[in-house]
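Visitor: sequence unknown, structure follows:
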């Protein structure tokens with residue numbers, strides 16, 4: 001197997017591993033509140049919302065130290081250990097206890113930061129200027145397949161159920177735990193960086209991973225990684241891309257938490273309102289997979305760079321926001337348990353609601369694939385700190401959006417995303433133009449990105 005084939009193999013294994021882990025984790029997240037509602041009638045008293053707040057808060061803070069962790073133990077082992085903690089969090093639901101539930105929330109917040117930092121490092125090490133766009137698209141498409149499979153299960157298996165029995169709960173979460181562990185084990189198939197390098201090729205991870213295994217050198221690399229993260233945070237490129245990253249955090253909260261709640265609260269959808277939440281998730285996943293696949297395959301032949309893809313993403317999202325504004329009642333995000341009978345500017349349409357789900361997924365894939373691509377291109381020598389900053393900003397903004405979603409009407413949430421998305425697109429354009437100029441200065445062929 002050639003070095004390039006080994007690198008592509010690593011990217012595929014990386015994507016498949018994440019697909020398994022997040023099929024389990026996102027399915028767990030989607031049904032957690034329903035399960036907890038049933039459990040709260042027993043000795044268990046917890047809240048899925050509180051758990052999510054803990055996860056996001058710890059996740060954002062842990063991104064400050066995750067490059068140091070990856071520097072000490074390496075990206076492969078970091079992902080394996082993180083995957084185990086994801087599996088433990090899911091396993092808590094097999095025999096729930098409030099203390100274990102909230103403790104696992106703290107640990108999975110830390111594990112998420114390490115997992116995504118190591119993922120960014122692995123993606124960068126196995127890519128170059130010519131393949132970073134393709135590899136980002138392939139990884140994103142495989143990752144977002146988890147949205148499809150998880151929500152497909154919700155739509156069919158839980159349709160019409162009003163109460164989740166103990167037997168149902170244990171069966172589901174044992175299966176999800178096994179799925180997550182399968183994804184974790186697959187990380188062992190990733191070839192080490194030195195095995196994927198062509199003869200004479202510089203090891204882009206050398207500065208992060210180092211050559212010595214002594215404890216002293218590991219600690220020095222950890223401190224250096226932390227300092228590098230702080231230093232990178234204040235560079236012009238990172239500050240500009242932070243606006244774009246902030247938008248991805250807001251849109252993540254909207255399509256993964258708020259929009260499904262809106263659909264489920266519209267009483268005019270009739271008896272299908274709850275099952276439509278699962279169908280909405282399926283079409284978000286279809287949009288994510290389609291976008292990641294297309295932009296990954298076309299990236300090598302895209303002579304115009306990343307900007308047209310990001311422009312497509314913001315246009316698609318603006319169309320989705322416009323349709324949602326007209327289709328969804330304004331009080332849908334904060335409607336009571338009984339739902340809402342209000343009407344926006346048109347009679348609520350199931351077809352329009354599901355079409356908007358597809359648009360939200362497609363637009364999100366535009367932004368995330370191109371952010372992964374440009375970060376891998378700009379920071380090939382500093383990938384772990386750069387991706388840690390990316391996830392730090394994204395998770396902070398997701399946490400903020402999750403907080404205000406409990407209080408703001410739909411129109412204000414849409415307005416916030418429109419404003420941040422507009423400026424995030426402009427700042428991305430600025431960084432991309434600078435990247436193009438730098439590439440031309442190095443006498444490289446920009447059309448191959």
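Guide: Looks like it came in fine. The shown structure was predicted, so the numbers you read here are calculated from the model rather than taken from an experiment. Residues are numbered from 1 along each chain as shown.
Visitor: helices of the stretch 301-449 of the chain, residue ranges please.
Guide: Ranges of helices in the stretch 301-449 of the chain, per DSSP state H, counting those that start in this stretch, are 307-327, 350-378, 383-404, 410-441.
Visitor: so what's the residue count around residue 2?
Guide: Neighbour count of residue 2, defined by other CB atoms under 10 Å: 8. Using the backbone N, CA and C atoms, a C-beta is placed for each residue, glycine as well.
Visitor: that one and residue 8: what is the separation?
Guide: Separation of residue 2 from residue 8 (CB to CB, to the nearest Å): 9 Å.
Visitor: repeat for residue 399
Guide: Distance, residue 399 to residue 8, using CB to CB: 35 Å.
Visitor: same deal with residue 349?
Guide: Look at residue 349 and residue 8: by CB to CB, they are 42 Å apart.
Visitor: then residue 112?
Guide: Plainly put, residue 112 is 26 Å away from residue 8 if you go by CB to CB.
Visitor: residue 28 too?
Guide: Note on residue 28: its distance to residue 8, by CB to CB, is 30 Å.
Visitor: out of those two, which sits in the busier spot?
Guide: Ranked by neighbour count (other CB under 10 Å), residue 28 and residue 8 place residue 28 first, with 24 against 19.
Visitor: now that one: closest residue in space, sequence neighbours ignored.
Guide: residue 90 (5.0 Å; CB to CB, 6 or more residues apart in numbering).
Visitor: ok, residue 18 next?
Guide: Among residues not flanking residue 18 along the chain, residue 143 sits closest, at 4.7 Å (CB to CB, 6+ apart).
Visitor: the residue nearest to residue 244 when sequence neighbours are not counted: what's it in contact with?
Guide: In space, and not counting its chain neighbours, residue 244 is closest to residue 424: 4.0 Å by CB to CB, 6+ apart. Residues in contact with residue 424 (CB atoms under 8 Å, 6 or more residues apart in numbering) are 243-247, 367.
Visitor: average pLDDT for stretch 266-285, rounded please.
Guide: Across stretch 266-285, the average pLDDT comes to 77.
Visitor: quick one: terminal-to-terminal distance for it?
Guide: 22 Å (CA to CA, to the nearest Å).
Visitor: so which bits of it are buried?
Guide: Residues 266, 269, 273-285 are the ones in stretch 266-285 that count as buried (16 or more other CB atoms under 10 Å).
Visitor: same deal with stretch 378-395?
Guide: In terms of neighbour count (16+ other CB under 10 Å), stretch 378-395 has its buried residues at 378-380, 382-395.
Visitor: ok, for the residue nearest the centre of the chain, nearest residue in space, not its chain neighbours?
Guide: Nearest to the mean C-alpha position of the chain, by CA atoms, centre = their mean, lies residue 252 at 7.5 Å. In this structure, residue 252 finds its nearest non-sequential neighbour in residue 398, 5.1 Å apart by CB to CB, 6+ apart.
Visitor: about what we covered before: ok now the helix or strand where the residue nearest to residue 28 lies, how far from the chain's centre?
Guide: Assigned by DSSP states H and E, residue 90 belongs to helix 75-91. Distance, stretch centre to chain centre, for helix 75-91: 16 Å (CA atoms, centre = their mean, to the nearest Å).
Visitor: next, the angle from that helix to helix 383-404.
Guide: Angle, helix 75-91 to helix 383-404, by axes from the mean of the first three to the mean of the last three CA atoms, to 10 degrees: 20 degrees.
Visitor: circling back to that earlier point, show me what contacts the residue nearest to residue 18?
Guide: So residue 143 contacts 15, 18-19, 22, 292 (CB under 8 Å, 6+ apart).
Visitor: for residue 364, give its distance to residue 127.
Guide: Residue 364 is 21 Å from residue 127, where distance means CB to CB.
Visitor: apologies, that question was intended for residue 318.
Guide: Residue 318 sits 31 Å away from residue 127, going by CB to CB.
Visitor: okay, those two: which has more neighbours?
Guide: Counted by other CB under 10 Å, residue 318 and residue 127 do not tie: residue 127 has more neighbours, with 26 against 17.
Visitor: let me see the backbone angles for the residue nearest to the more buried one when sequence neighbours are not counted.
Guide: In space, and not counting its chain neighbours, residue 127 is closest to residue 135: 4.6 Å by CB to CB, 6+ apart. Dihedral angles of residue 135 (phi, psi; degrees, to the nearest 10) stand at phi -70, psi -40.
Visitor: biggest helix in this protein by residues?
Guide: Identified as the longest helix of the chain according to DSSP state H is helix 3-39.
Visitor: and it, how far out from the chain's middle?
Guide: Counting by CA atoms, centre = their mean, helix 3-39 is centred 10 Å from the centre of its parent chain.
Visitor: what residues sit buried inside it?
Guide: Burial within helix 3-39, assessed by neighbour count using 16+ other CB under 10 Å, is assigned to 6-32, 34-36, 38-39.
Visitor: could you do stretch 68-86 as well?
Guide: So, applying 16+ other CB under 10 Å, buried residues of stretch 68-86: 68-76, 78-86.
Visitor: can you show me the helices along the stretch 101-250 of the chain?
Guide: Under DSSP H, counting those that start in this stretch, the stretch 101-250 of the chain gives helices at 132-157, 166-186, 193-196, 206-209, 215-233, 236-253.
Visitor: quick check: residue 312 touching residue 365?
Guide: No. Residue 312 is beyond contact range of residue 365, at 10.1 Å (criterion: CB atoms under 8 Å).
Visitor: so between these two, which is more surrounded?
Guide: For residue 312 versus residue 365, neighbours defined as other CB under 10 Å are more numerous around residue 365 (29 against 17).
Visitor: three-state assignment of the closest residue to that one other than its chain neighbours?
Guide: Excluding the flanking residues, the one nearest residue 365 by CB to CB, 6+ apart is residue 291, at 2.9 Å. Three-state call for residue 291 (DSSP: H, G, I helix; E, B strand; the rest coil): helix.
Visitor: what about residue 291, neighbour count?
Guide: With other CB under 10 Å as criterion, residue 291 counts 27.
Visitor: list the contacts for it?
Guide: Contact analysis of residue 291 by CB under 8 Å, 6+ apart lists 140-141, 361-366, 369.
Visitor: and it, how close does it get to residue 360?
Guide: Distance from residue 291 to residue 360, by CB to CB: 11 Å.
Visitor: what about residue 294, helix or strand, and which?
Guide: Going by DSSP H and E, residue 294 is in helix 275-298.
Visitor: so how far is that helix from its chain's centroid?
Guide: How far helix 275-298 lies from its chain's middle: 13 Å, per CA atoms, centre = their mean.
Visitor: try stretch 234-246
Guide: The chain centre lies 18 Å from the centre of stretch 234-246; the measure is CA atoms, centre = their mean.
Visitor: pLDDT on it, on average?
Guide: Averaging pLDDT along stretch 234-246 gives 89.
Visitor: ok, residues contacting it?
Guide: 232-233, 310, 367, 371, 374-375, 378, 386, 389-390, 393-394, 397, 420, 423-425, 427-428, 430-431, 434.
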